[in-house]
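# model this:
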Amino acid sequence: MLDFLRRHRVVLLHVSFWGLYFSWYVYQFRAEYSWLASVGYTGLSIVLYLPLVYFNYFGLLPRWLRHQRTGRYLLEFAAAFLPALALRVYVLWHFAPANVSPDYLYSPLYVLGLGVSMLFIAAFVSMLRFAVGWFELEARAKTLENAQLTAELQLLKAQINPHFLFNTLNNLQYLAYMQSPHTPEGIARLGQMMRYMIYDSNHPEVALSEELEYMQNYISLEQLRLNNPNAIAFEVAGPVAAQQIAPLILVSFLENAFKHGLATHGNGWVRVRVELEGSRCDYTVTNSRPATLSPPKKYSGAGLQNVRRRLALSYPGRHSLQIDELPEEYRVHLRLALS
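Coordinates of the predicted model:
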């Protein structure tokens, strides 16, 4: 129903205007004339309006809007208005209700009243033309905005893929160099992740279960090269089924946790928790940081700026992000209202 109203809103706008006009004047005339006379006179008045009103609406106004020649428009409108007024006066003289005073019917005041009403109706319907133009401009602007947002999101996601691939290939190179028996497993997990990144992540949203599987594969690849696999904890609480999420929205925080929590010192650790309650998703990533005498370094960078922008585009008004930099750990807490 809403789609029908959107597609036919211009026609419905015109029909509503003429319906209100017809109802109002029939109601007014019913105080003095019969029902049949009121309906007939009002209907005839509308029919006499239509040629001038829609010649101006479909012909004169669009040309004026294109070329902005006001003088030419006024001359052309006057050339159409005067014959239309003469026809209206002539017809209504012959079909006016019998009890209308001839003195009023043939007076300049009656002709002036008809002329003013014609100008008013033509001007009002012309305003509908501007409303239609506004609808079209709004639709084009919305389409352009959506296209720009889609392109920006695609660019932001494309920035993730090379970074991830570079890190993962480094891990696999390390496993191969060490002749680890886990190398084939790592290559298989990388293949699963690349399939997800190339195909599934092109959709605006994916199943949360697929996103979590991607994260688990990422963690498994990291665990393959660690001497202490227990340094990584990954926990999911709450119902995951039927939940949808923007793809690759969580992995940047996970990459930062490994970068700061494990790559910089030997006794590092990473804790990841995803908690779901209804449509709310709480994502917490905590990682150790090495003891240092220097002031804490600002937790920033291209990856974080990227994910902040993606959150703003994908979850406007539906997310909160808090990053705490404590002396011994980094903590990121992201809350999303999932669709």
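
# When you work out contacts or count neighbours from here on, use the C-alpha atoms and nothing else.
Noted.

# what stretches of the stretch 201-339 of the chain score poorly on pLDDT?
225, 227, 229, 263-266, 291-303 (pLDDT under 70).

# For it, which segments are assigned as strands?
According to DSSP state E, counting those that start in this stretch, the stretch 201-339 of the chain carries its strands in the segments 206-207, 232-237, 244-245, 270-277, 280-288, 319-325, 329-337.

# Buried residues in the fourth one, which are they?
Right, the one you point to is strand 270-277. 270, 271, 272, 273, 274, 275, 276 (16 or more other CA atoms under 10 Å).

# list the contacts for the fifth one?
The reference is to residue 274. 235, 236, 237, 281, 282, 283, 284 (CA atoms under 8 Å, 6 or more residues apart in numbering).

# Can you get me a residue count around the spatially closest residue to the fifth one that is not a sequence neighbour?
What that stands for is residue 282. If you skip the residues right next to it in sequence, residue 282 has residue 335 as its closest partner in space, 4.6 Å away by CA to CA, 6 or more residues apart in numbering. Number of residues near residue 335 (other CA atoms under 10 Å) recorded here: 18.

# And residue 335, how far from residue 281?
Separation of residue 335 from residue 281 (CA to CA, to the nearest Å): 6 Å.

# tell me how far stretch 23-40 is from the chain's mean position?
Stretch 23-40 sits 47 Å away from the centroid of its parent chain (CA atoms, centre = their mean, to the nearest Å).

# Can I get that stretch in CSV, CA atoms only?
Taking C-alpha atoms only, stretch 23-40 is exported to CSV below (Å, rounded to 0.1, in the frame of the first residue of the first chain):
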residue,chain,number,x,y,z
SER,A,23,-17.0,18.9,-1.9
TRP,A,24,-16.5,22.4,-0.6
TYR,A,25,-18.5,24.2,-3.3
VAL,A,26,-21.3,21.6,-3.4
TYR,A,27,-21.6,22.2,0.3
GLN,A,28,-21.7,26.0,-0.2
PHE,A,29,-24.2,25.9,-3.0
ARG,A,30,-26.5,23.5,-1.1
ALA,A,31,-27.6,26.4,1.1
GLU,A,32,-29.3,28.0,-1.8
TYR,A,33,-29.7,25.5,-4.6
SER,A,34,-30.9,21.9,-5.0
TRP,A,35,-28.6,19.0,-4.8
LEU,A,36,-28.6,18.4,-8.5
ALA,A,37,-28.0,22.0,-9.3
SER,A,38,-25.2,22.2,-6.9
VAL,A,39,-23.4,19.1,-8.2
GLY,A,40,-24.0,20.1,-11.9
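
# buried stuff in that stretch?
25, 26, 29, 33, 37, 38, 39, 40.

# for stretch 179-194, same thing?
183, 186, 189, 190, 193, 194.

# ok, so of the residues you listed, who is nearest residue 96?
Nearest to residue 96 among the buried residues of stretch 179-194 is residue 194, at 80.5 Å by CA to CA.

# where does the closest one land on pLDDT?
What the model reports for residue 194 is a pLDDT of 82.

# which secondary structure element contains it?
For residue 194, the host element (DSSP states H and E) is helix 183-198.

# Distance from the chain centre to that helix, please.
With CA atoms, centre = their mean, you get 34 Å for helix 183-198.

# Kindly export it (C-alpha atoms) in CSV.
The C-alpha trace of helix 183-198 is given here as CSV (Å, rounded to 0.1, in the frame of the first residue of the first chain):
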residue,chain,number,x,y,z
THR,A,183,50.4,-25.1,7.8
PRO,A,184,47.7,-27.0,5.7
GLU,A,185,45.1,-26.2,8.4
GLY,A,186,46.1,-22.6,8.2
ILE,A,187,45.8,-22.5,4.5
ALA,A,188,42.4,-24.1,4.7
ARG,A,189,41.2,-21.5,7.2
LEU,A,190,42.5,-18.7,5.1
GLY,A,191,40.6,-20.1,2.1
GLN,A,192,37.4,-20.1,4.2
MET,A,193,38.0,-16.5,5.3
MET,A,194,38.8,-15.3,1.8
ARG,A,195,35.6,-16.8,0.5
TYR,A,196,33.7,-14.9,3.2
MET,A,197,35.5,-11.7,2.4
ILE,A,198,35.1,-11.9,-1.4
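
# Could you list the residues in contact with that helix?
Under CA under 8 Å, 6+ apart, the answer for helix 183-198 is 161, 168, 172, 175, 176, 214, 217, 218, 221, 224.
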